[in-house]
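# Any chance you can model this:
(chains A and B)
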Number of protein chains: 2
Amino acid sequence: MPAGVVAICGGIGGAKLALGLYRVLAPRALSVIVNCGDDFEHLGLRICPDLDTTLYTLAGLANTERGWGRRDETWAFMDALGSLGGPTWFRLGDKDVALHVERTRRLATGEPLSAIIAEFAARLGVNAAIAPMSDDPIRTRVGTPEGELDFQDYFVRLRCAPRITAVTFDGAAAAQPSPGAIAALGGARAIVICPSNPYLSIDPILAVPGMRALLRARGAPVIAVSPIVGGDAVKGPTAKIMRELGVPSTPAAIARHYAGLLDGFVLDARDQASARDFDCPVHVTDTLMKRLGDRERLAREVLTFASSLAQARY
Amino acid sequence: MPAGVVAICGGIGGAKLALGLYRVLAPRALSVIVNCGDDFEHLGLRICPDLDTTLYTLAGLANTERGWGRRDETWAFMDALGSLGGPTWFRLGDKDVALHVERTRRLATGEPLSAIIAEFAARLGVNAAIAPMSDDPIRTRVGTPEGELDFQDYFVRLRCAPRITAVTFDGAAAAQPSPGAIAALGGARAIVICPSNPYLSIDPILAVPGMRALLRARGAPVIAVSPIVGGDAVKGPTAKIMRELGVPSTPAAIARHYAGLLDGFVLDARDQASARDFDCPVHVTDTLMKRLGDRERLAREVLTFASSLAQARY
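Numbering: from 1, shown residues only, chains lettered A, B, ... in the order given. Modelled structure (predicted):
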């Protein structure tokens, strides 16, 4: 699989597989289209959690223990902010805040988010294309019995505690895919939907008008890697949200969620018994990515699976 | 002099005397009205160099060796900003940037600058009132033979090299004194014009309509401390600017610059010979403030001088 692999990706779980793909592919062969429905304004700065997680992960700068932000981070900014009475519930390290300040400065000059992220990636030495799903503002909002919440309110402040009744993507109807997303999908030979939260991380990407058509346009095989293992999410609220929405928290339900898009599904060996519940080809393997080697192995298997699906067509 | 001392102050030199006054006066007895004509937008943040120098100095947080910013500062933000291709010509430490971010955030909510600075001062344990001259935007601009320059362009980027032909204060005509300035001057029993640059630091304050009248309103003695010692400025471009504007770089010329405002002038002993050139009473002393003790001694002398002038009226 020499070039044209596109990863569709949210935050931590998705970025793990994106890193595996990045490491096993040739330089510039990988493009990552990243959710930016979680983006928000904080302290007057534009924060893009999923884009930054992807950027830091591929640049080798991510704090993998904490799961967010940069490694070797310092906290003088946050301490000083607290001493001035500023809001400290969303933690920003000294290096991380520089990225938010510089992004916000450039956005204010009218530059599109995708151009800024592309330059950041190049400057941080990332040999892959990283693109937001759109340069237009899209904001994920979570419906709960008590009313609608901004995503970060739900995710960080309330730690996903409220019961979800609906998920909406404000601004999506008027948005366009970013130039980077269009270019990546235009050259796609395989498309991997990473094991990110389908409702909160992948759906906002698919909600951009034209994105589903772009995913199918080239006929490249589209493969989803299960974010559900043994009936639960590896990390995060995926299984909880599925239950709240009345959907069984199973890999097959994830595949049904992506109905009309998938050519193949990568299932964890712990869920092997459910392999017969799928309408598409299934590859069964260990999908847990604890170590870097796990990510590379899973990436190789996903790419081999994609090759086999592509060959089977001809 | 128990209460109601008002210092009119620019950056470093002014803040030194303000610190002396702060240390010898009773808590809450000092108010400092600070130049904000140097304020500018950088990285999308509102930077207020003179206000912050005053705040950090009175809070005991200033870096006195470097002359700007905070002591015990770290530079992770600046390093990360540089690695992303951001502008690094104006240095901002990790703690310092928190103040700019939080100020910018609060200004964006519509809060006036003076209220924000008052809360910052209280949170940093400053027992003095620190007020910008105005809550309205005023921007000092420097005329040169090659055209007009923004203040920071002139002061930081070009290191005061261009010849000054004029100094203007954009927005001053429409500005009002800040509530803090009005309150301070309404309770003034002595007013000290600190040894700041008259053209770049004090004139913007005096350019706010109503400010001169407020200085004279209570009949409190107004005393200027000479920023010129032995024919030159202790620090900064004051003498250079006076020469460029065709004014002799002498203490008496400073006093004439403040014509109509002054009740007394504090002259450095090195300039004692010029004492007869003044129309107002003169106090001669060592005005150099190398050590903390110098600042306190000069502050005490200024306050005693002010008392003597006040008593002489009755």
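
# Which stretches in chain A count as helices?
For chain A, applying DSSP state H gives helices covering A:12-24, A:49-58, A:76-83, A:94-108, A:113-123, A:151-152, A:179-186, A:203-206, A:211-217, A:238-244, A:251-257, A:292-312.

# now the fourth one, how far from the centre of its chain.
On the basis of CA atoms, centre = their mean, to the nearest Å, the separation between the geometric centre of helix A:94-108 and that of its chain is 21 Å.

# And the pLDDT for whatever residue of the stretch 201-314 of chain A ends up closest to chain B?
The stretch 201-314 of chain A approaches chain B most closely through A:Leu292 (23.6 Å), counting by CB to the nearest CB. (C-beta placed from N, C-alpha, C; glycine too.) pLDDT, A:Leu292: 92.

# Can you get me a residue count around it?
13 (other CB atoms under 10 Å in any protein chain shown).

# quick one: contacts for it?
A:Leu19, A:Gly20, A:Arg23 (CB atoms under 8 Å, 6 or more residues apart in numbering or on different chains).

# ok, of those residues, which one's closest to A:Ser31?
A:Leu19 (14.0 Å; CB to CB).

# Now do the contacts for the nearest residue to that closest one once chain neighbours are set aside.
Using CB to CB, 6 or more residues apart in numbering or on different chains and skipping residues adjacent in sequence, the residue nearest A:Leu19 is A:Thr57, 5.1 Å away. Shown in contact with A:Thr57 (CB under 8 Å, 6+ apart): A:Ala15, A:Lys16, A:Ala18, A:Leu19.

# Could you do A:Pro237 as well?
Counting by CB under 8 Å, 6+ apart, A:Pro237 has contacts A:Cys160, A:Asn197, A:Leu200.

# Check the gap between it and A:Thr250 for me.
Noted for A:Pro237: a distance of 16 Å to A:Thr250, by CB to CB, to the nearest Å.

# And A:Leu81, by the same measure?
Counting by CB to CB, the gap from A:Leu81 to A:Thr250 is 44 Å.

# Same drill for these two, tell me which one is more crowded.
Of the pair A:Leu81 and A:Thr250, A:Leu81 is the one with more neighbours under other CB under 10 Å, namely 23 against 17.

# Find me the pLDDT at that one, would you?
98.

# looking at it, it is touching B:His100, isn't it?
No: assessed by CB atoms under 8 Å, A:Leu81 is found out of contact with B:His100, at 10.5 Å.

# Give me the buried subset of the contacts of A:Leu292.
Using 16 or more other CB atoms under 10 Å in any protein chain shown as the burial test, the contacts of A:Leu292 include A:Leu19, A:Gly20 as buried.

# Run through who's touching stretch A:266-279.
Under CB under 8 Å, 6+ apart, the answer for stretch A:266-279 is A:223-226, A:228-231, A:250-252, A:255, A:265, A:282-288, A:298, A:301-302, A:305.

# Narrow these to those in strands?
Using DSSP state E, the subset of the contacts of stretch A:266-279 located in strands is A:Ile223, A:Ala224, A:Val225, A:Ile228, A:Val229, A:Phe265, A:Val282, A:His283, A:Val284, A:Thr285.

# returning to that earlier point: next, format the contacts of A:Leu292 as a markdown table and append pLDDT.
As requested, the contacts of A:Leu292 are exported to a markdown table (pLDDT from 0 to 100):
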| residue | pLDDT |
| --- | --- |
| A:Leu19 | 97 |
| A:Gly20 | 97 |
| A:Arg23 | 97 |
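
# Just give me the closest of the contacts of A:Leu292 to chain B.
Closest to chain B out of those is A:Leu19 (20.1 Å), distances taken as CB to the nearest CB.
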